[in-house]
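Enquirer: Got a predicted model here, sequence first, then my questions.
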Amino acid sequence: MNDARSSKPETSHVWRHLKPLIVLAAAALICASLMLARHVLIPVAFASLLALVLTPMVDFLQRRKVNRIVAVVLVVVFVCSILGGVVWILAQQAATLANDLPQYRHNLRQKASDIRLLGRGGSIEKVQDTVKDVVGEMQKGDQPAGQRPPVQVVQAEKPFWQLPSTFGAIAETAAMSGFVIVLVVFMLIERQELRNRLIRLTGHGRVTVTTKAIDEATQGIIRYLQMQSLVNTCFGAAVAGGLFFLGVPYPLLWGALAGLLRFIPYVGTWMAALLPITMSLAVFPGWTQPLYVIALFAILEPFVYAVVEPLLYGHSIGVSQTALLVALAFWTWVWGPVGLVLATPLTVCLVVIGKYVPDLDFVLTLITDRPVLTPDVAYYQRLVALDQDEAADIVEAHLPSVDVPRLYDEVLLPALVSAHADRARGRLTDDEMLFVARATREIMECAIPPTPAPPVRARVLGIAGRDEVDEVALHMLADLLAPSGIAVDVVGAGTLPGEVLSRVEAEPPVCICIGALPPGGLAHARYLIKRLRARFPDACIVVGRWGGARPEEDARLLLAAGVDRVSTMLVATRDHVLELVEPVALPRSA
């Protein structure tokens, strides 16, 4: 038995060291599988996306009592006809463009001459001359004394059975397109059966989780593709209209390419912009029209990205911008240019998987756009890093959404409690905790706007339990009580209990409030309470145990020591003080 028990820690220790290697090996295996099976996985991914896009249309026909198979065939034929017609029109314009290009040679030569004249006599020409001199010297050193006759290279003609690579690429594209269309048809027909098989694969015990994951991924991707299609269509129409107004030939072709290429995030728009810009350079003799074309894209893309997309989407796709860029790079590396188009939908699916699979929650942390740190943790982290400016920025950013009492209870006080806990564990030095306290005090004075306070009608004595952190918390309480005409005289943390008793006797307050942030400090607070209660039995004593992990146990011990009220929230302490002070010191204000 003892051997079995002792072997468990060893097994867990070995597993803890092997787990990173296993995860790394699994990631390498997944990447290798994606690359090796890309000829199968790419059509399946495209077909899945098209099936998701066409599902609402099929459901619309089915609700009109159309047979499912008939509805699928009608939708696929309709969409393929539209796409085929668009491709045919674009191909006709592209062929006409190829025939018209030779007549623009003069303008292109003139533009090249202008660029060459612009660099003459400047830095560009100096660099070119330097490179030519270096290359010439290297060629002189390699060339033998005797002049060798030029070597004539004779290229053999390729055998007739070797097909051109262009024909092979066309055949491969056509085969893949046909496979995608057939797969879309069967996916739409057997959509419910495929969904049921996926649920059965995950197990009957996970029906709820799997159903929610499928619905969320499906709705997210459909919403993204529909909105993106609408945005890109409007963008392409705007580009075509602008180019037509500027007089650029074939505006329909450039507009369609702009709408299609914009499905590639970030770079697609500027890839589409290169073609009409080049066309304007070739067609127009001067530089004015090309600059207008550049300005057209430079204005449209930021407007659509910053104004139109947020209005139509309502919210983001749930992926951070940095993670999306990394996803674009990954899927491009794995699947080439096709990965650029599929990267965003696949990343959305990855977010949903990370949300519903507990073992993959780290994926959600890495790529989601939701904040991973609560405001109090982020604020405390910046203070631990001794970055007071960014900590103040966090407070200022959080302040418009909440009022000052909630800011104290939800952001500042939890940070002070964390400082106390880390100091007790030895993770913070005394100087670092002192910095946290003083920085918080300065942020309270600078970042939080002061509120006008009425004349002081009563005074409360605030006693810091142990250190400056408790003292800062009492200053927060003073800010909350000031609008009610109650002033809090804070006694420093270094004041001895005898000095506190003398002050209470010399200037009796209407209420005594002891601030004792956890962890620790309970014994000191109880000792002070017992001495105050023994010396002043009629005094009103309130204890703020703000952020305590054991509120019931702490309250029981403090009440047994003789306090009137115990609270774990700053707002509750304010209410307790007002409740005890009003009948005693402010009878006329009622």
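Expert: That came in fine, so what should we check first?
Enquirer: Please parse this structure into its domains.
Expert: For the chain, whose domains are defined here by automatic domain parsing, the residue ranges read 11-99, 206-367, 373-450, 453-590.
Enquirer: For V182, which of the ones you listed is the nearest?
Expert: Comparison of these against V182 by Cβ to Cβ identifies domain 11-99 as nearest, at 8.5 Å. Using the backbone N, CA and C atoms, a C-beta is placed for each residue, glycine as well.
Enquirer: mean confidence score for that closest one?
Expert: Averaged across domain 11-99, the pLDDT comes to 82.
Enquirer: Alpha carbons only: can I get stretch 509-527 in CSV?
Expert: Once side chains and other backbone atoms are set aside, the C-alpha atoms of stretch 509-527 remain, and they are given as CSV (Å, rounded to 0.1, in the frame of the first residue of the first chain):
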residue,chain,number,x,y,z
PRO,A,509,-16.2,61.2,17.6
VAL,A,510,-19.7,60.2,16.8
CYS,A,511,-18.5,57.0,15.4
ILE,A,512,-15.2,55.0,15.2
CYS,A,513,-14.4,53.0,12.0
ILE,A,514,-11.6,50.5,11.9
GLY,A,515,-10.2,49.5,8.5
ALA,A,516,-8.7,46.0,8.5
LEU,A,517,-8.1,44.6,5.0
PRO,A,518,-7.5,40.8,4.9
PRO,A,519,-5.6,38.6,5.1
GLY,A,520,-4.4,39.0,8.7
GLY,A,521,-4.9,41.9,10.9
LEU,A,522,-7.9,40.4,12.7
ALA,A,523,-6.1,39.8,16.0
HIS,A,524,-4.9,43.4,16.1
ALA,A,525,-8.4,44.8,15.3
ARG,A,526,-10.0,42.6,18.0
TYR,A,527,-7.4,43.8,20.6
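Enquirer: Please identify the buried residues of it?
Expert: Using 16 or more other Cβ atoms under 10 Å as the burial criterion, the residues of stretch 509-527 that qualify are 509-518, 521-522, 525-526.
Enquirer: and the domains of the chain as TSV, adding distance to R197?
Expert: As requested, these are exported to TSV (distance: least, Cβ to Cβ, whole Å):
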stretch	distance to R197
domain 11-99	14
domain 206-367	11
domain 373-450	40
domain 453-590	48
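Enquirer: can you tell which of the ones you listed is closest to L183?
Expert: With Cβ to Cβ as the criterion, L183 lies closest to domain 11-99 of these, at 3.8 Å.
Enquirer: hang on, the earlier thing: so which of the domains of the chain is nearest Q192?
Expert: Each of the domains of the chain was scored for nearness to Q192 using Cβ to Cβ, and the closest is domain 11-99 (9.3 Å).
Enquirer: And the strands in this structure?
Expert: Per DSSP state E, the chain has strands spanning 458-464, 486-491, 511-515, 541-544, 565-567. These are given in chain order.
Enquirer: Dump those to TSV, plus mean pLDDT.
Expert: Output for the strands of the chain, formatted as TSV (pLDDT from 0 to 100):
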stretch	mean pLDDT
strand 458-464	90
strand 486-491	90
strand 511-515	91
strand 541-544	91
strand 565-567	90
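Enquirer: and the ones you listed as CSV, adding distance to R64?
Expert: Formatted as CSV, the entries for the strands of the chain read as follows, by distance: least, Cβ to Cβ, whole Å:
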stretch, distance to R64
strand 458-464, 73
strand 486-491, 71
strand 511-515, 70
strand 541-544, 66
strand 565-567, 63
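Enquirer: which of the buried residues of stretch 509-527 sit farthest apart?
Expert: The two members of the buried residues of stretch 509-527 with the most space between them (Cβ to Cβ) are V510 and P518, at 26.9 Å.
Enquirer: count of residues packed around the residue lying closest to V491 once chain neighbours are set aside?
Expert: When the adjacent residues along the chain are set aside, V491 lies closest to I463, with 4.9 Å between them (Cβ to Cβ, 6 or more residues apart in numbering). I463 has 28 neighbours, counted by other Cβ atoms under 10 Å.
Enquirer: which residues does I463 contact?
Expert: For I463, the residues meeting the contact criterion (Cβ atoms under 8 Å, 6 or more residues apart in numbering) are 474, 491, 495, 500, 512-515, 528.
Enquirer: Quickly name whichever of the residues you listed is closest to K355.
Expert: Taking Cβ to Cβ as the measure, G515 is the one of the contacts of I463 closest to K355, at 40.5 Å.
Enquirer: Isn't the closest one up against E468?
Expert: No: in terms of Cβ atoms under 8 Å, G515 does not count as a neighbour of E468; the distance is 11.0 Å.
Enquirer: How much space separates R64 from T210?
Expert: 30 Å (Cβ to Cβ, to the nearest Å).
Enquirer: For the two, indicate the residue with more neighbours.
Expert: When neighbours are counted by other Cβ under 10 Å, T210 comes out ahead of the other of R64 and T210, with 19 against 7.
Enquirer: What pLDDT is listed against the more buried one?
Expert: The predicted structure scores T210 at 75 on the pLDDT scale.
Enquirer: And it, how far from N196?
Expert: 10 Å.
Enquirer: contacting residues for R423?
Expert: Under the criterion of Cβ under 8 Å, 6+ apart, the contact list for R423 reads 429-430, 433.
Enquirer: do the same with A464
Expert: By Cβ under 8 Å, 6+ apart, A464 lies in contact with 470-471, 474, 490-493, 495, 515.
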